[in-house]
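J.: Based on what follows, work out the 3D shape:
(2 chains)
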Amino acid sequence: MASTTPSEGFPFPREYFFPAFFTRQPNLTIHHAQLTKWSSLVLAYARHHRIFRLALSAAADSDLFYNRQLDRRLAPPDIREVVDFMRKDGRAEYLQPGDAAAAGAGAGAGDVVLIYWRKPQEWAVLIEAYVDETAQKGSVLTVYELTEGENTRGTEFHGMDNGVLMKALNILVKRGKAQIFGSEDSLGVKFF
Amino acid sequence: MFLKHLDLTTALRPLYLPDEVLLFVQDNVGLYEGKYKLPNQQNGQVYLTSHRICYVDKVEPRKQSAALDLKEVDRYEFYAGFFKSSAKVTIVPKPLRRSALHNRVMSGTGVNSRHSTPSPTSSNDAYAPPSGPPPASATWVCNICSFSNPVPSNFDPAAANAHTPLPPCLACGIKPALSLVLKAAISSASRPSPLLNPSQPGNINNYTFSSASAVTLGLVDPFATPSEQGKADAAVFQCPRCTFSNHPSLLSCEMCGAPLLSQDAPSTISTAEYIRILSQSPGPIKDTSQGAVDFAESVKISFRGGGEKIFYERLKSAMTQRKWLLQDAPPAPKSSRMADDNSSSGSPGTPTQRTKTAGIAGLEQLGLNMRKNNEILIGSAFEDLEALMTSAKEVVALAERFAQQVNGANADVTSKENTILAESAHQLGLITTKDIVGSGGGSDSLYFSELARNLAEFLTDDARGVLKRAGGILTLVDLWAMFNRARGGVELVSPMDFEKAAQMWESLKLPVRLRTFRSGVMVVQARDRTDDATIRSILAWLQDLHEFPPDREVAWDWREFGRGVTAQDTAERFGWSLGVAEEELLMAEEQGVLCREEGLEGLKFWKNYIGKTDIAVLQKREAQEEADAILRRLKDTGLI
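T.: Sure, this is the predicted structure:
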């Protein structure tokens, strides 16, 4: 889904047009800088296009990792390295193969990555603030309502990925601020 | 001074004179002047060449090094060493006769007569009573064959005893009795003047007064006097023995053959010296004063690390060969055949040769003549070994010219290189070989250090420009090949020795250094060429690429990023070899200045626009991660 999104309007950073940026640097310090820049580029790109999950095999051909103008691309192993780097930073997560959410995402195991341009904790804070603001504490909301409902239009988490949302909600549950119930299709959340 | 200042090469070896040949090197030597150690010259190397003995100090080579010319050496003695005193070779300088005479006068009269020396009037004093007798004018008559022999010039009646060596009679070879010679010497000394007795100071005072007053009062112009008096003397040069009036230019009496003493040049002086002094006779002031000051004591070289025997042997042969005389010797007389050929072949063609030819015909004629000359030269040179040796210089020059012409015909890079090597091969006459170097306690370290210096000279020689041609950097293997080729196939250096020598550059503080790249490639560089300098030059080049558009359209903004360069580009740009260029680029990458791009066109290097993270930050991060991992593991095991 993300891979097909056109990238018009996204201001790519300067390095994106630097041919050597697409080659893995053997020098440790340069390599680290390279990873940092790539990770921030991926996050900015994902935020711009509101991408929550990235299928790596497909993304390799997207504008993100493939600069058609220069005819330079980041090789798949290098993409994985970037993702790993982001994972260490808490900015990305592989979808577990057994995870139900991964089922629809296409390719093989470990191919799909959740991109946390906002970390689940941050999402949790946002949702809590929204609930607080709209005085819905103690009431029950469906998960669908939260992401697709009329009321959340204009908030950041409108149209949010389900998997990420569940992670955020689970954090709230752990803190004792919410409770999730219901079955697969119709999940409900009660905020305290 | 007997010991002169010595010019050193960049590699801190003596700068050789033309045609000078290195004969021997020995380290761990010290210098003595007379009996005393020279405090600053106690640890160094001695270089024996065909012309000189050079001492190069180890601690302060530029300041303390000294040399003495073999041509000024009178004799040399060997002392084998005894218990703690190490073996020594004593070198006695040739005394300038003038100064020797002075010394004798000084010791004989006990009065410093030096204030008379600046005045040329003293030249007459050799005849005049107070300054002592000219010793060589004395004769003793052999009582076997009654031949009148000259008393030896260094015979001092005051110091002579039974052990003084006396030369035998020139006619019959029987040694005279000491008393006979003594008597002769004393009588001859007293004949011109009976006043030689040192116990008559009045006379000396008189003399000094008169000479001093002559100068100070200006009664006699000190500069005009000698020539006038010289003229007066010149008219009648009376033989001291038979009183025959000789022509002034004669060196010995026409009548009796007794040596004629010039006023200031004693008889035993060499002819060349004599002529030199004569030619300078109007102003011998400098000469004499120098002579008095110049008298230096003998120099001793103390061999603490052995090698004295070989040194002595080579010194002996060098003194016998007297190569310094050849330095400006006239070329060997041409053989008769050459002259014959010249005349026979030249006689019909002489008019055309002499006529001023012009145009192509003239050039052809010129070439023809030259070829004919060469032919004659070669023909005569190879007639026999003797001839070859005498005309060696010319033949070598000829061979070099031929080599140049051959290479000039097909002028590509390699042949150019060969020319340079061929040219330089003969300059490498001063090569270091194992037999030149003394064995310093059985180890080869001296050989290696000499080889290292030799290499450094080879590299830094401006005329050859080995390093410059290679862009200031050269792989050790290339240098090894080049060096051995320059040696012309003899005395080759083994790769092991070569590497060991190259590794000594650092410790010897020579202007070149050996560098090992990460890949293990060893290169040779000038000392001032550091990594920083290399990086600077690469960066400047890459910066230039921002200004000049690339050859073809490029997808990126070349004004902003410039262009990626391959090792090939770099090698071409800086004149390095490909391997060196690659290593230098990798080095720059490792420093974080360049970054790489691997693409279809190969490995390219760019200026680092990715930026770099601080090493400290990186390390901190790693440490943090490690700590986190430990914490996590502790948690997992339930300890926390």
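J.: thought A:Ile30 was touching B:Asn608?
T.: Yes: under the criterion of CB atoms under 8 Å, A:Ile30 makes contact with B:Asn608 at 6.1 Å. Quick note: C-beta positions are derived from backbone N, CA and C, even for glycine.
J.: shared neighbours, these two?
T.: B:Gly592, B:Cys595 (CB atoms under 8 Å, 6 or more residues apart in numbering or on different chains).
J.: What residues sit buried inside the helix or strand B:Ile360 falls within?
T.: In this structure, B:Ile360 sits in helix B:359-381 according to DSSP states H and E. For helix B:359-381, a neighbour-count test (16 or more other CB atoms under 10 Å in any protein chain shown) marks B:Gln365, B:Ile376, B:Leu377, B:Ser380, B:Ala381 as buried.
J.: Farthest-apart pair in these, please.
T.: B:Gln365 and B:Ala381 (24.4 Å; CB to CB).
J.: Am I right that B:Arg632 is in a helix?
T.: Yes: according to DSSP: H, G, I helix; E, B strand; the rest coil, B:Arg632 belongs to a helix.
J.: Now for the most centrally placed residue in chain A: which residues touch it?
T.: Against the mean C-alpha coordinate of chain A, by CA atoms, centre = their mean, the closest residue is A:Ile115 at 2.5 Å. Applying CB under 8 Å, 6+ apart, we find A:Ile115 in contact with A:Val42, A:Leu43, A:Ala46, A:Ile51, A:Phe52, A:Arg53, A:Leu54, A:Met86, A:Arg91, A:Ala92.
J.: Try it again at 7 Å.
T.: A:Val42, A:Leu43, A:Ala46, A:Ile51, A:Phe52, A:Arg53, A:Leu54, A:Ala92 (CB atoms under 7 Å, 6 or more residues apart in numbering or on different chains).
J.: partners of it in the sheet?
T.: A:Ala92 (DSSP bridges).
J.: picking that back up, so which of the contacts of A:Ile115 sit within helices?
T.: Judged by DSSP state H, helices contain the following of these: A:Val42, A:Leu43, A:Ala46.
J.: Find me the pLDDT at the second one, would you?
T.: The predicted structure scores A:Leu43 at 89 on the pLDDT scale.
J.: I'd like the distance between it and chain B.
T.: For A:Leu43, the distance to chain B equals 17 Å [CB to the nearest CB, to the nearest Å].
J.: Burial check on residue 49, number of neighbours?
T.: No chain specified, so I'll use chain A. 18 (other CB atoms under 10 Å in any protein chain shown).
J.: That was the other one, I meant chain B.
T.: Neighbours around B:Thr49, by other CB under 10 Å: 23.
J.: Looking at it now. What's its pLDDT?
T.: Note for B:Thr49: predicted pLDDT of 82.
J.: With B:Thr566 instead?
T.: 89.
J.: That one contacts B:Glu598, correct?
T.: No: counting by CB atoms under 7 Å, B:Glu598 is not a contact partner of B:Thr566; they are 11.3 Å apart.
J.: Compare those two and say which is more crowded by neighbours.
T.: The residue with more neighbours, out of B:Thr566 and B:Glu598, is B:Thr566; 17 against 13, by other CB under 10 Å.
J.: Now do the more buried one against chain A, distance only.
T.: Relative to chain A, B:Thr566 is positioned 13 Å away (criterion: CB to the nearest CB).
J.: Could you pull up the residues touching that residue?
T.: B:Thr566 neighbours (CB under 7 Å, 6+ apart): B:Gly602, B:Leu603, B:Lys604.
J.: and the second one, what helix or strand is that in?
T.: Same thing as B:Leu603. B:Leu603 belongs to strand B:602-607 when assigned by DSSP H and E.
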